[in-house]
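**Q** Next comes the sequence, and after it the predicted model I'd like to discuss.
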Amino acid sequence: MREAILEVIEKARKTAEERDILINTLHEIQRMFGNFVPPEAIEVISEELKVPLSRVYEVLTFYTMFSTKKRGKYVVRVCESLPCHVEGGREIVRALKEELGIDFGQTTPDGLFTLETTSCLGLCGVAPVIMVNDEYFGNVTPEKVRELVKKMRGDAR
Amino acid sequence: MKPITVLVSVDSNSVLLGARHFLNYLRDLVYDHNLGDVVEILETGSMGVYPEGVIVSILPDNVFYLVKTEEDVRTIFEEHILKGRRASRLLLDEGKVKSSVEIERLTQETRVVLKNVGEIDPTDIEEYIARDGYFALAKALQMRPEEVIEEVKKSGLRGRGGAGFPTGLKWEFTAKAKSDQKYVLCNADEGEPGTFKDRLIMEGDPHSLIEGMVIAGYAVGATKGYIYIRGEYYGSIEILKKAIEQAYEYGFLGENILGSGFSFDLKVRLGAGAYVAGEETALIESIEGKPAKPRLKPPYPPTYGLFGKPTVVNNVETFVNVPRIILNGADWFRSFGTPSSPGTKVFSLVGNVVRKGIVEVPMGTTVRDLVFRFGGGVEKGRQLKMVQTGGSAGTFIGPDKLDVPLDFDSYGKYGVSIGSGVILVIDDIHCAVDLALTVMQFFEHESCGKCTPCREGTRMAVDILTRISRGQGREEDLELLREIAKNAGEASFCGMGQSVPVPLLSILDNFEEEFRAHIGAERCPVGVCEFVRTSKKLKVK
């Protein structure tokens, strides 16, 4: 694992100025582990980039796209900004919470889904919008998101 | 060139409506019929306004179709391409596509920012060059840097990110700062809810942005640039990276650009989900690998920016205006818009409006024109209740202010902000208290926590609005909210907290009656808020 992390860091260094590669590196490492950055990796990053451990944690917990906790196989993010809200966003949130049986920030017991909120994704032309991992879904309705969840459940089996 | 060209919009919004799928299906049809030599299928950016479908245009006939299903693609193929007649069922009403929507005031030739969006293949630099791409850079490199700055100053271009600071002045400050290294940053951290113009500009015409940045670099004496883009903008990131690669290949980036002796390097840096990173000094902190917390100003970035060096930070739309100004001159640019805010503005039309999308109009266009003429009015035949202009940090206005012309002075003069150019249309089934609560929840979530007026003020505003929306509001609550807004506005550390009063006071002032009607009432007057009638104490977060 250490080697894989070092490889990512080496690659990032090639495009680096000085201290400007931490966030891009964290994106890469997070992708490598699925959707979180584990403590072991944080230590390697801190040593290699010569950034104090506290700073790496500060960055990881400041930005909403990063997680230090293992998340579900599918991270479902719902836009809660006003443009989605006025187009039925509230019903989407309700449908997802009901269908998944969890609240924001939680993961289903089977480890499949984590529900999160996101601010505007810049896809307001097809609001309301949700994201599953790095895929977007626009013009969603409560029925559509329920179907989507059921489909993902089926795929995971 | 093949006799027939089919353009399909594959911007991020259209993709969600099936654009990729339709594109592949059309390619299959053309292939199956052996028409590969006759029909060219090209991908392009947003064609402006998408009424719940993908826009496909066919050249040279200049016909626009709206495609919703595979069946529609087949119909267009069989009718238009095979039989040479129009598939009338799918024809887009002329008034709904950009080439005609804007023709009244802004003809095709004078589209400034969106000149190439929806017209060219963004992944092919040669298409950009064929439309005068990088000509402005060549022209600028033959001018002296001061002359470039003078031209931008004369044009009156003001920052399109929302603050409206004169771009030429910003450049001049940076040029005058003495340093061994300077930087040019593009703020593509488009986080203002409802704004997606920068996304569509970058996806549809990435080279205009690159060209604008290189010109800025030459003008201020910077040799390095960064585009800071939201981590969530997956499609746009790929398109930008590809465009940068091509610009290097063609010698518009890198060493000794066009033999001028001037060198410029450009890189992409990703955000990771933080609204406040759109504040210029927070953005700089983020590129430096730190949490996006704003710095104390002054010093401003033109003297102390990235890595402590003089730095220009401009919005995507601002940079895209630059090549047009250099190529056509400041006087040409000033022929659009208003004297204090020359040029055009790209607006994002969102919410309960018939035609959602982006539209480019001269500065000084009224809210009414944007909502009704370009947006087609309110969806589902409902009544207009209010419009939020300028984004979440913008103003809520009622129908009485629809005739305000939007430019950088409209906030000072009429209390209607232009901000990042959002026109969020809200119909009459929505409740002012619920909307104010949603906006304040957004601010509470995005507050970085550095200063008390913003961190605690937004939290208290959410608590009070929550209680009003549950039917437990108190008489003094409206005054309290006003005081919180005033304090956040005056005492916050950065522009984010300072902008809290803009939405909060405007909705309180313009819809005060509706707030009052929630207090001491039995139910929400609009039927949106769910009143809680228990003696249980309100849970405070």
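**A** Yep, that arrived.
**Q** got the residue ranges for the helices in the stretch 401-541 of chain B?
**A** Here the stretch 401-541 of chain B has its helices, by DSSP state H, counting those that start in this stretch, at B:410-414, B:432-446, B:452-469, B:477-491, B:495-498, B:501-510, B:512-516.
**Q** tell me which residues of the third one are tucked away?
**A** Under the neighbour-count criterion of 16 or more other Cβ atoms under 10 Å in any protein chain shown, helix B:452-469 has B:453-469 buried. In this view, the C-beta of every residue, glycine as well, is placed from N, C-alpha and C.
**Q** so what does it touch, helix or strand wise?
**A** Packing contacts for helix B:452-469, counted by 3 or more Cβ pairs under 8 Å, 6 or more residues apart in numbering or on different chains; DSSP states H and E, involve helix B:432-446, helix B:477-491, helix B:495-498.
**Q** by contact count, what packs against the second one?
**A** Going back to what we said before, that points to helix B:477-491. Packed next to helix B:477-491, using 3+ Cβ pairs under 8 Å, 6+ apart, are helix B:452-469, helix B:495-498, helix B:501-510, helix B:512-516.
**Q** mean pLDDT for these: which is lowest?
**A** For the helices and strands packed on helix B:477-491, the weakest mean pLDDT is recorded on helix B:495-498, namely a mean of 93.
**Q** List the buried residues in it.
**A** So helix B:495-498, judged by 16+ other Cβ under 10 Å, has buried residues B:495, B:496, B:497, B:498.
**Q** mind listing what the last one touches?
**A** Contact partners of residue B:498, counting by Cβ atoms under 8 Å, 6 or more residues apart in numbering or on different chains, are B:488, B:489, B:490, B:492.
**Q** Quick one: the strands in chain A, in order.
**A** Per DSSP state E, chain A carries strands over the ranges A:74-79, A:113-118, A:130-132, A:135-137.
**Q** To chain B, which of these lies closest?
**A** Ranking the strands of chain A by their distance to chain B (criterion: Cβ to the nearest Cβ) puts strand A:135-137 first, at 5.7 Å.
**Q** just to revisit the earlier point, hey, which of the strands of chain A is tucked in deepest?
**A** Among the strands of chain A, judged by mean count of other Cβ atoms under 10 Å in any protein chain shown, the one packed with the most neighbours on average is strand A:74-79 (a mean of 23).
**Q** Dump that one to PDB, keeping only the CA atoms.
**A** The C-alpha coordinates for strand A:74-79 follow below in PDB (Å, rounded to 0.1, in the frame of the first residue of the first chain):
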ATOM      1  CA  TYR A  74     -22.300   4.400  -3.000                       C
ATOM      2  CA  VAL A  75     -22.000   7.900  -1.700                       C
ATOM      3  CA  VAL A  76     -25.300   9.600  -2.400                       C
ATOM      4  CA  ARG A  77     -25.100  13.400  -2.400                       C
ATOM      5  CA  VAL A  78     -28.200  15.500  -2.600                       C
ATOM      6  CA  CYS A  79     -28.100  19.200  -3.600                       C
END
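**Q** How about residues contacting it?
**A** Contacts for strand A:74-79 (Cβ under 8 Å, 6+ apart): A:35, A:84, A:89, A:92-93, A:96, A:100, A:112-121, A:127-133, A:149, A:152, A:156.
**Q** now do stretch A:5-14
**A** Residues outside stretch A:5-14 that contact it (Cβ under 8 Å, 6+ apart) are A:21, A:24, A:25, A:28, A:29, A:32, A:41, A:44, A:45, A:48, A:49.
**Q** give me that answer again for 7 Å
**A** Under the contact criterion Cβ atoms under 7 Å, 6 or more residues apart in numbering or on different chains, stretch A:5-14 has outside partners A:21, A:24, A:25, A:28, A:29, A:32, A:41, A:44, A:48, A:49.
**Q** Could you do stretch B:131-148 as well?
**A** Stretch B:131-148 has contacts (Cβ under 7 Å, 6+ apart) with B:116, B:120, B:175, B:207, B:211, B:214-215, B:218-219, B:221, B:252, B:257-258, B:260, B:262, B:323, B:326-327.
**Q** For it, measure first residue to last.
**A** Taking Cα to Cα, to the nearest Å, the first and last residues of stretch B:131-148 lie 22 Å apart.
**Q** For it, which residues meet the burial criterion?
**A** B:133, B:134, B:136, B:137, B:138, B:140, B:141, B:143, B:145, B:148.
**Q** mind giving me TSV with those residues and columns for secondary structure and distance to residue B:35?
**A** TSV is the format used below for these (DSSP: H, G, I helix; E, B strand; the rest coil; distance: Cβ to Cβ, whole Å):
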residue	secondary structure	distance to residue B:35
B:133	coil	30
B:134	coil	34
B:136	helix	38
B:137	helix	39
B:138	helix	39
B:140	helix	43
B:141	helix	44
B:143	coil	48
B:145	helix	52
B:148	helix	48
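**Q** Relative to the whole chain's centre, how far out is stretch B:209-219?
**A** Distance of stretch B:209-219 from its chain centroid, counting by Cα atoms, centre = their mean, to the nearest Å, is 20 Å.
**Q** then it to PDB, C-alphas only?
**A** C-alpha atoms of stretch B:209-219 as PDB (Å, rounded to 0.1, in the frame of the first residue of the first chain):
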ATOM      1  CA  LEU B 209     -10.100  31.200 -21.000                       C
ATOM      2  CA  ILE B 210      -6.500  30.100 -21.600                       C
ATOM      3  CA  GLU B 211      -6.000  32.900 -24.000                       C
ATOM      4  CA  GLY B 212      -7.300  35.500 -21.600                       C
ATOM      5  CA  MET B 213      -5.000  34.200 -18.900                       C
ATOM      6  CA  VAL B 214      -1.900  34.200 -21.000                       C
ATOM      7  CA  ILE B 215      -2.600  37.800 -22.000                       C
ATOM      8  CA  ALA B 216      -3.100  38.700 -18.400                       C
ATOM      9  CA  GLY B 217       0.200  37.100 -17.600                       C
ATOM     10  CA  TYR B 218       2.000  39.100 -20.300                       C
ATOM     11  CA  ALA B 219       0.400  42.300 -19.100                       C
END
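**Q** so where is chain A shaky, pLDDT-wise?
**A** A:15-19 (pLDDT under 70).
**Q** Break chain A into its domains for me.
**A** A:2-62, A:74-156 (automatic domain parsing).
**Q** Could you measure from residue B:174 over to residue A:101?
**A** 54 Å (Cβ to Cβ, to the nearest Å).
**Q** Comparing those two, which residue is more hemmed in?
**A** Each of residue B:174 and residue A:101 has its neighbours counted (other Cβ atoms under 10 Å in any protein chain shown); residue B:174 has more, 28 against 11.
**Q** thought that one was touching residue B:220?
**A** Yes: counting by Cβ atoms under 7 Å, residue B:220 is a contact partner of residue B:174 at 4.2 Å.
**Q** Quick check: neighbours shared by the two?
**A** Any residue near both residue B:174 and residue B:220 by Cβ under 7 Å, 6+ apart counts here, and that gives B:182, B:312.
**Q** hang on, the earlier thing: taking the domains of chain A together, which one is wrapped up most tightly?
**A** Most buried of those by mean neighbour count (mean count of other Cβ under 10 Å) is domain A:74-156; its value is a mean of 19.
**Q** can you tell me the distance between the two ends of it?
**A** Start-to-end span of domain A:74-156 (Cα to Cα) is 10 Å.
**Q** Just the contacts of stretch A:5-14: which are in helices?
**A** A:24, A:25, A:28, A:29, A:32, A:41, A:44, A:48, A:49 (DSSP state H).
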